[in-house]
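1. please find the sequence and the predicted model below.
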Amino acid sequence: MSDAPAPEQPTPSGGPLSTVARTVDVREEDGALRDEVVLAITLPHDIDAVWPAVTEASRISSWFVPVSGDLADGGHYQLEGNASGTVLDCRPPHRFRITWEFGDETSWVTVGLEREESESGDDDATRLTLSHLLPRAPQWDAYGPGAVGIGWDLALVGLVRYLATRSSRTAQDATAWLASPDGVAFVRHSGREWGHAHAASGVEEGAALAAAGRTVAAYLGEPGS
């Protein structure tokens, strides 16, 4: 399903993902329908700490996957064993937009950062919003937004964990966690949340939850996927 990798995660009860806002929308650009998957979360860290974590190669490699290339406006990047693309727009420390090229499909990812006051009011926080805009494809009806949303949920908590601990994780750590009871529970939780977000966008609830179920089964390698 999603080509976004799965870092080690906490259990779905509580934890940082309990505050993630997920939305799904349909946009028309250049006469073509595109589906947009959006995640937003407030991080208890200053924007000057979050920006390098999502734009510097050494830091990205600590919570996502190794990346190479020119991570600057107009540059090209390559995620190891994963997507590649072009940096379309980079405005430190608030926004970058990239193409996400995987297989024969090109989509678009935008990450935006805005300063916010933390809940305690003592420190600065950062609102991170990630948008993945995809060309309409037949698999959207079958799998829905969870096909990419679950992967971004997994990656997002990897970022949260890195910002909190500054510790790296390996691909072996991620694979082991995903096969654990906590990992399976997390994927099911994420799938349900994306199913609800899909329904909130106007899709019939039964169809949205059925698509989410197929996506979860595909992530977990279960029958019927």
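-> Thanks, I have the structure now. The structure displayed is predicted, hence computed values, not measured ones.

2. now do T170 against E101, distance only.
-> T170 sits at a distance of 25 Å from E101 (criterion: C-beta to C-beta, to the nearest Å). The way it works is simple: take the backbone N, C-alpha and C, and place the C-beta from them, glycine included.

3. more neighbours, those two?
-> Taking other C-beta atoms under 10 Å, T170 and E101 do not tie; E101 has more neighbours (16 against 10).

4. contacting residues for the nearest residue to that one once chain neighbours are set aside?
-> Among residues not flanking E101 along the chain, G85 sits closest, at 4.7 Å (C-beta to C-beta, 6 or more residues apart in numbering). Each residue near G85 by C-beta atoms under 8 Å, 6 or more residues apart in numbering is listed here: H76, Y77, I98, T99, W100, E101, T106.

5. equivalent analysis for T23, please.
-> T23 neighbours (C-beta under 8 Å, 6+ apart): V38, A40, A197, A200, S201.

6. tabulate those (a markdown table), appending secondary structure and neighbour count.
-> Output for those, formatted as a markdown table (DSSP: H, G, I helix; E, B strand; the rest coil; neighbours: other C-beta atoms under 10 Å):
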| residue | secondary structure | neighbour count |
| --- | --- | --- |
| V38 | strand | 19 |
| A40 | strand | 17 |
| A197 | helix | 24 |
| A200 | helix | 13 |
| S201 | coil | 16 |
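
7. could you work out the most separated pair of the residues you listed?
-> Farthest pair in those (C-beta to C-beta) is A40 and S201. Separation: 15.3 Å.

8. which residues of the chain fall in helices?
-> 47-55, 57-63, 138-143, 146-165, 171-178, 181-200, 205-220 (DSSP state H).

9. so what does the fifth one touch, helix or strand wise?
-> Other elements packing on helix 171-178 under the criterion 3 or more C-beta pairs under 8 Å, 6 or more residues apart in numbering; DSSP states H and E are helix 181-200.

10. center of the chain - which residue?
-> Nearest to the geometric centre of the chain sits W152, at 1.9 Å (C-alpha atoms, centre = their mean).

11. gap between that residue and D73?
-> Taking C-beta to C-beta as the measure, W152 falls 23 Å from D73.

12. what about this structure, any weak spots by pLDDT?
-> Confidence mapping of the chain against pLDDT under 70 gives the ranges 1-16, 118-122, 224-225.

13. contact partners for D89?
-> D89 sits next to D73, R95, F96, R97 when contact means C-beta under 8 Å, 6+ apart.

14. bridged to it, which residues?
-> Counting by DSSP bridges, D89 is bridged to R97.

15. start the count at 23 instead of 1 going forward.
-> All set: I'll call the first residue 23, so the last point we hit is now D111.
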